[in-house]
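Visitor: Whatever this is, show me its structure:
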Amino acid sequence: MGEIILKFKNMNLIEIKEYFNSLPIEQYPKLVKLLQEDSRKTVQSYATSLHRKFINYQREIIRTENLKYYENKAFSKGYNLIAGIDEVGRGPLAGPVVSAAVILPKDFNILYINDSKKLTPQKREELYNLIQKYALDVGIGIVNSQVIDDINIYQATKLSMYNAVNNLKNKPDILLIDAMKCENIPIKQLSIIKGDSKSISIAAASIIAKVTRDRIMDNYHEYYPQYAFNKNKGYGTEEHRNAIIDFGSLNIHRKTFLRNIIGS
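Guide: Predicted coordinates for the structure are as follows:
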């Protein structure tokens with residue numbers, strides 16, 4: 001330990017930060033104590049920030065474990081393939097409604113999984129890749145604007161969930177669904193209000209669905225930049241509504257959603 005103390009004393013703050021950036025966060029506590037005893041105020045301040053980071057890390061571990069409540073309960077009852085289901089895109093004026101079904105392994109321990117709306121775009125992308133890598137199965141269901149107009153958004157949402165489950169490689173034993181019941185899916189299911197904040201597999205599904213839909217809308221932006229789909233993702237912002245008035249509607253717009261803007 002004496003060698004480490006001497007090492008820190010011979011390092012400037014930038015070098016100390018680089019050193020800690022190379023360490024797993026579990027090793028912080030003992031070393032942070034050494035920094036707190038350093039005579040330099042800047043190093044002491046950095047030690048405080050590291051301590052706060054470690055405390056937040058511990059809280060995240062607890063939050064993630066609590067997020068497994070419904071999954072652990074289902075595992076204890078003998079269910080092995082538990083699919084979380086969530087949708088994105090019920091409210092926009094344009095684009096599809098997208099659902100995802102995600103089956104996670106029992107030992108899934110990726111931190112920071114949460115309701116996609118509570119995450120930054122960068123964090124969603126990072127977690128999207130990790131979920132795709134470590135999930136046992138991922139299915140996606142996409143229902144376009146024409147179908148939404150034909151059967152209404154509620155029925156289209158249920159159809160997108162059905163398609164997501166149907167696109168899984170494995171048939172789930174039970175479905176955990178965010179705030180909906182899907183009578184069109186003949187599998188035992190549990191509807192959980194605000195499930196994307198209470199179930200890790202539903203939260204994972206919300207991330208998959210959100211990133212998938214955002215990418216679709218970003219692609220539309222390349223063809224129709226005047227609607228700013230890269231920013232509004234099809235939702236009815238003032239800029240988007242004005243674009244509809246100025247340029248008219250597209251085939252990806254939900255005509256039943258535009259009656260207050262362009263009339264019937």
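
Visitor: make it CA atoms for all contacts and neighbour counts henceforth
Guide: Will do.

Visitor: where along the stretch 101-250 of the chain do the strands fall?
Guide: Taking DSSP state E, counting those that start in this stretch to define them, one finds strands in the stretch 101-250 of the chain at 137-143, 174-178, 189-192.

Visitor: Look up how far Gln155 lies from the spatially most central residue of the chain.
Guide: The structure's the chain has its C-alpha centroid closest to Ile207; by C-alpha atoms, centre = their mean the separation is 2.5 Å. Distance of Ile207 to Gln155, computed by C-alpha to C-alpha, to the nearest Å: 22 Å.

Visitor: likewise Ser22?
Guide: Counting by C-alpha to C-alpha, the gap from Ser22 to Gln155 is 50 Å.

Visitor: Excluding chain neighbours, what is closest to Tyr162?
Guide: The shortest distance from Tyr162 to any non-neighbouring residue, by C-alpha to C-alpha, 6 or more residues apart in numbering, is to Ile185 (6.0 Å).

Visitor: got the domain boundaries for this structure?
Guide: 2-66, 69-212, 220-262 (automatic domain parsing).

Visitor: Go through the ones you listed and pick out the most buried.
Guide: domain 69-212 (a mean of 20; mean count of other C-alpha atoms under 10 Å).

Visitor: now do the same end-to-end measure for that one.
Guide: Taking C-alpha to C-alpha as the measure, domain 69-212 stretches 27 Å from start to finish.

Visitor: Now do stretch 213-233: distance from first to last residue.
Guide: Terminal-residue distance, stretch 213-233 (C-alpha to C-alpha): 8 Å.

Visitor: ok now it, how far from the chain's centre?
Guide: 19 Å (C-alpha atoms, centre = their mean, to the nearest Å).

Visitor: That one - what's its average pLDDT?
Guide: If you average the pLDDT over stretch 213-233, you get 98.

Visitor: what's that stretch in contact with?
Guide: Outside stretch 213-233, the residues that touch it by C-alpha atoms under 8 Å, 6 or more residues apart in numbering are 88-89, 92, 94-98, 234, 239-240, 243-244.

Visitor: Just those residues: which are in helices?
Guide: Among these, DSSP state H puts Glu239, His240, Ala243, Ile244 in helices.

Visitor: who touches the third one in this structure?
Guide: By C-alpha under 8 Å, 6+ apart, the residues touching Ala243 are Gln226, Tyr227.

Visitor: can you rerun that using 10 Å?
Guide: Counting by C-alpha atoms under 10 Å, 6 or more residues apart in numbering, Ala243 makes contact with Gln226, Tyr227, Ala228, Thr237, Ser249.

Visitor: right, and the helix or strand after the longest helix anywhere in the chain?
Guide: Among the elements of the chain assigned as helix by DSSP H, the one spanning the most residues is helix 41-66. Per DSSP states H and E, the first helix or strand lying C-terminal to helix 41-66 is helix 69-76.

Visitor: before we move on, back to that, quick one: the longest helix of the chain to helix 69-76, angle?
Guide: In terms of direction (axes from the mean of the first three to the mean of the last three C-alpha atoms, to 10 degrees), helix 41-66 departs from helix 69-76 by 50 degrees.

Visitor: how far out from the middle of the chain is helix 41-66?
Guide: With C-alpha atoms, centre = their mean, you get 23 Å for helix 41-66.

Visitor: And for stretch 111-127?
Guide: 4 Å.

Visitor: got a list of contacts for that stretch?
Guide: By C-alpha under 10 Å, 6+ apart, stretch 111-127 touches 57, 60-65, 67, 86, 88, 110, 128, 130-131, 133, 194-212, 214.

Visitor: Report the distance from stretch 188-200 to the chain centre.
Guide: Worked out by C-alpha atoms, centre = their mean, stretch 188-200 lies 14 Å from the chain centre.

Visitor: before we move on, the earlier item: gap between the residue nearest to the centre of the chain and Thr256?
Guide: 27 Å.

Visitor: same question, Met161
Guide: For Met161, the distance to Thr256 - C-alpha to C-alpha - is 21 Å.

Visitor: same deal with Pro96?
Guide: Pro96 is 13 Å from Thr256, by C-alpha to C-alpha.
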